[in-house]
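> can't give you the sequence, but here's the structure:
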């Protein structure tokens with residue numbers, strides 16, 4: 001039974017990781033000290049009022065924000081795409 005639910009466990013783990021990784025409102029609301037900001041809030045603060053945006057720094061932040069999610073997805077991708085067939089021996 002366990003091999004049949006691996007794709008479901010992988011999908012739930014990807015969604016749980018992304019839900020925590022993308023958390024913006026909770027951090028923005030409760031954390032006021034800038035040294036404890038997550039990357040999503042720091043990225044928002046970097047953009048600021050849209051006046052003077054350093055696009056090089058913005059691209060670097062975006063890359064660092066993207067890499068952990070992509071690595072986690074690539075590690076769980078084999079469980080998402082694999083259909084495991086278990087023979088019933090009755």
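Received it, and whenever you're ready, just let me know what you need. Since this is a predicted model, take the numbers as computed values, not measurements. Numbering: from 1, shown residues only.

> quick one: average confidence on the host helix or strand of residue 46?
Residue 46 belongs to helix 39-47 when assigned by DSSP states H and E. Regarding helix 39-47, the rounded mean pLDDT is 83.

> what helices or strands is the helix or strand where residue 71 lies leaning on?
Here residue 71, judged by DSSP H and E, is contained in helix 55-81. Judged by 3 or more Cβ pairs under 8 Å, 6 or more residues apart in numbering; DSSP states H and E, the packing partners of helix 55-81 are helix 2-21, helix 39-47. Placement of C-beta: from N, CA and C, glycine included.

> for the ones you listed, which one ends up most surrounded?
For the helices and strands packed on helix 55-81, average neighbour numbers computed from mean count of other Cβ atoms under 10 Å are highest in helix 39-47, which has a mean of 15.

> how far away is the residue nearest in space to the middle of the chain from residue 46?
The residue lying closest to the centre of the chain (Cα atoms, centre = their mean) is residue 18, at 3.2 Å. For residue 18, the distance to residue 46 equals 21 Å [Cβ to Cβ, to the nearest Å].

> Ok, residue 39 next?
For residue 39 relative to residue 46 (Cβ to Cβ), the value is 10 Å.

> before we move on, the earlier item: buried residues in the helix holding residue 71, which are they?
Applying a neighbour-count criterion of 16 or more other Cβ atoms under 10 Å, one finds 61, 65, 76, 79 buried in helix 55-81.

> thought the third one was touching residue 9?
No: no contact is recorded between residue 76 and residue 9 when judged using Cβ atoms under 8 Å, the distance being 9.0 Å.

> circling back to that earlier point, model confidence score at the residue nearest to the centre of the chain, please.
Value listed for residue 18 in the pLDDT field: 84.
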